[in-house]
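Trainee: what would the 3D arrangement of this be:
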Amino acid sequence: MSDIKKELCRLTDKYQPLLNEIADYIHQNPELGCEEHKAAAFLQNILADHGFTISNKLAGKFPTAFKATKGEGPSHIGFLAEYDALPEIGHGCGHNLIAAMSVTAAIVCNEVLGNEATISVFGCPAEETVGSKVMLSEQGVFDGLDAALICHPGSETSFGGTSYATHPLQITFIGKPAHVADPDYHGINALDALVDFYQQLEGLAKTFTEPHILGKIITEGGTAPNIIPDRAVMRATIRALRAEYLEDIMLPKIKQLAQQVSDAHGTRLELYHYEPLFKNMLNDKQLQAYAMANFQSLGLTDMTTYPDDYADGSTDVGNVSHIVPTIQPEIKIGDQIAAHTPEFAKAAASAYGKEMALKAVKGLCMTVADVIKKG
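Mentor: From the prediction side, this is the model:
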């Protein structure tokens, strides 16, 4: 380990109380996406106290987003912070640890590498819902970064893989109401159209040639059994391993089928993407190689490396990865724990979870040193 990396690790240990404080505060004050006012203010105050300049380009849309920057070096490194919680469960995805790792890593890197790098923390609200990184990416907030880093808690320490691109779609059929026994006034049954579409969608899904997921529920189907339903609504999560396949092949065919079914039943069709496009994750190979070697040097040898086509979820970090070199490794915080569960939330507050998060900070900081030195 080089002297620079030793210094990064030594300083990380010094900041262990800060990491624990951040992790505990956010865990004890869970806030839903776009409502993370306590968490955002808490993190900004810490970063401002360490000399970071705070700004928010999208304050009108995401008031709990922020960018904190310090340093004068030519390399520009970004740490992505998430801090939204889940309804009822709280931090069942461990975003309290993500925020703690990213903020601590940024402070450490600036103190050791501030003359060689500009360090930024990007506060990113609502990863669990609307995904602020989608719009932040579209507005150029991450442009020019040499590397974007984030570490996610998990049940194992792992690298590689991808995430599903997803673009949830609401499909609404509008018909005409009527009493089912009225002999003269006939309605148009929107639910019949939706059920027909639901069944035909199964057949269409079999024609898709790339890995995909189609999850769907009927959220509206009428108000009373003696009234012909004039409105029927389906919500679908539509996912693929490539954003291009999702947007260019799957969604056009699904929308075309919906229109054909609507026309056949005499209904009116409304289509609405109720959440933005989350793109698939592209883990940068060079960054990943740096990080894997650094995590191993810390004694984290029990690591899993996933193939490029392995995915088990979706994240707006994928949108960042389509713009700048990005990695999102996972750090183990417990055994056999599943995300979005009370057990995971408990692990995210545990001493072991914070101990592992500290190791991840060291690995991320050493990876930044590699980026600056080797490019």
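
Trainee: buried ones in the longest helix anywhere in the chain?
Mentor: Selection of the longest helix in the chain by residue count, based on DSSP state H, yields helix 351-374. The neighbour-count check on helix 351-374 (16 or more other C-beta atoms under 10 Å) flags 353-354, 356-372 as buried. The C-beta positions use only the backbone N, C-alpha and C, and glycine is treated the same way.

Trainee: any chance you could give me it in CSV, C-alpha atoms only?
Mentor: Only the C-alpha atoms of helix 351-374 are listed here, as CSV (Å, rounded to 0.1, in the frame of the first residue of the first chain):
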residue,chain,number,x,y,z
ALA,A,351,-22.2,-1.7,14.8
TYR,A,352,-21.1,-4.3,12.2
GLY,A,353,-22.8,-2.4,9.4
LYS,A,354,-21.0,0.8,10.3
GLU,A,355,-17.7,-1.0,10.7
MET,A,356,-18.0,-2.4,7.2
ALA,A,357,-19.0,1.0,5.9
LEU,A,358,-15.8,2.4,7.3
LYS,A,359,-13.9,-0.2,5.3
ALA,A,360,-15.8,0.7,2.2
VAL,A,361,-14.8,4.4,2.7
LYS,A,362,-11.2,3.3,2.8
GLY,A,363,-11.6,1.3,-0.4
LEU,A,364,-13.4,4.2,-2.2
CYS,A,365,-10.7,6.7,-1.1
MET,A,366,-7.9,4.5,-2.3
THR,A,367,-9.7,4.1,-5.6
VAL,A,368,-9.8,7.9,-6.0
ALA,A,369,-6.0,7.9,-5.4
ASP,A,370,-5.7,5.4,-8.3
VAL,A,371,-7.8,7.5,-10.6
ILE,A,372,-5.7,10.6,-9.9
LYS,A,373,-2.4,8.8,-10.3
LYS,A,374,-3.2,6.5,-13.2
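
Trainee: start to end distance for stretch 338-354?
Mentor: Counting by C-alpha to C-alpha, to the nearest Å, you get 18 Å between the two ends of stretch 338-354.

Trainee: for it, give me every contacting residue.
Mentor: With contact meaning C-beta atoms under 8 Å, 6 or more residues apart in numbering, stretch 338-354 is reached by 19-20, 23-24, 27, 86, 89-94, 96-97, 100, 153-155, 313, 333-334, 337.

Trainee: how much space between the residue nearest the centre of the chain and Tyr164?
Mentor: If you average the C-alpha coordinates of the chain and look for the closest C-alpha using C-alpha atoms, centre = their mean, you land on Thr315, 2.8 Å from that point. Plainly put, Thr315 is 9 Å away from Tyr164 if you go by C-beta to C-beta, to the nearest Å.

Trainee: skipping adjacent residues, who's closest to Ala48 in space?
Mentor: Distance criterion C-beta to C-beta, 6 or more residues apart in numbering; nearest residue to Ala48, sequence neighbours excluded, is Ile54 at 5.8 Å.

Trainee: against which helices or strands is the helix or strand hosting the one you found packed?
Mentor: Using DSSP states H and E, Ile54 sits in strand 53-55. Under the contact criterion of 3 or more C-beta pairs under 8 Å, 6 or more residues apart in numbering; DSSP states H and E, strand 53-55 touches helix 37-49, strand 66-70.

Trainee: tell me which residues in that strand are buried?
Mentor: Using 16+ other C-beta under 10 Å, none of the residues of strand 53-55 count as buried.

Trainee: which outside residues touch it?
Mentor: Where contact means C-beta under 8 Å, 6+ apart, the residues beyond strand 53-55 that reach it are 44, 47-48, 66-70.

Trainee: please check those residues and keep the buried ones.
Mentor: Of the members of the contacts of strand 53-55, the ones counted as buried by neighbours, 16+ other C-beta under 10 Å, are 44, 47, 66-70.

Trainee: looking at the contacts of strand 53-55, which is nearest Ala126?
Mentor: Sorting these by how near they are to Ala126, with C-beta to C-beta, puts Phe66 at the top with 13.4 Å.

Trainee: if I look at the residue lying closest to that closest one once chain neighbours are set aside, what pLDDT would I see?
Mentor: Of all residues not flanking Phe66 in the chain, Gly123 sits nearest, at 4.0 Å (C-beta to C-beta, 6+ apart). If you check Gly123, the pLDDT there is 98.

Trainee: same question, Thr301
Mentor: You'll see Thr301 listed with a pLDDT of 89.

Trainee: so it, which of the three states?
Mentor: coil (DSSP: H, G, I helix; E, B strand; the rest coil).

Trainee: next: the one 4 residues further on.
Mentor: What three-state DSSP gives for Thr305 is strand.

Trainee: low-scoring stretches of this structure, by residue?
Mentor: Segments of the chain classed as low confidence (criterion: pLDDT under 70) are 375.

Trainee: can you pull out the helices in it?
Mentor: 3-14, 16-28, 37-49, 95-113, 132-138, 190-205, 243-245, 251-265, 285-297, 317-321, 342-347, 351-374.

Trainee: reformat those helices as a markdown table; add distance to Tyr306.
Mentor: What follows is these, written out as a markdown table (distance: least, C-beta to C-beta, whole Å):
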| stretch | distance to Tyr306 |
| --- | --- |
| helix 3-14 | 26 |
| helix 16-28 | 26 |
| helix 37-49 | 30 |
| helix 95-113 | 19 |
| helix 132-138 | 21 |
| helix 190-205 | 25 |
| helix 243-245 | 19 |
| helix 251-265 | 26 |
| helix 285-297 | 11 |
| helix 317-321 | 15 |
| helix 342-347 | 19 |
| helix 351-374 | 17 |
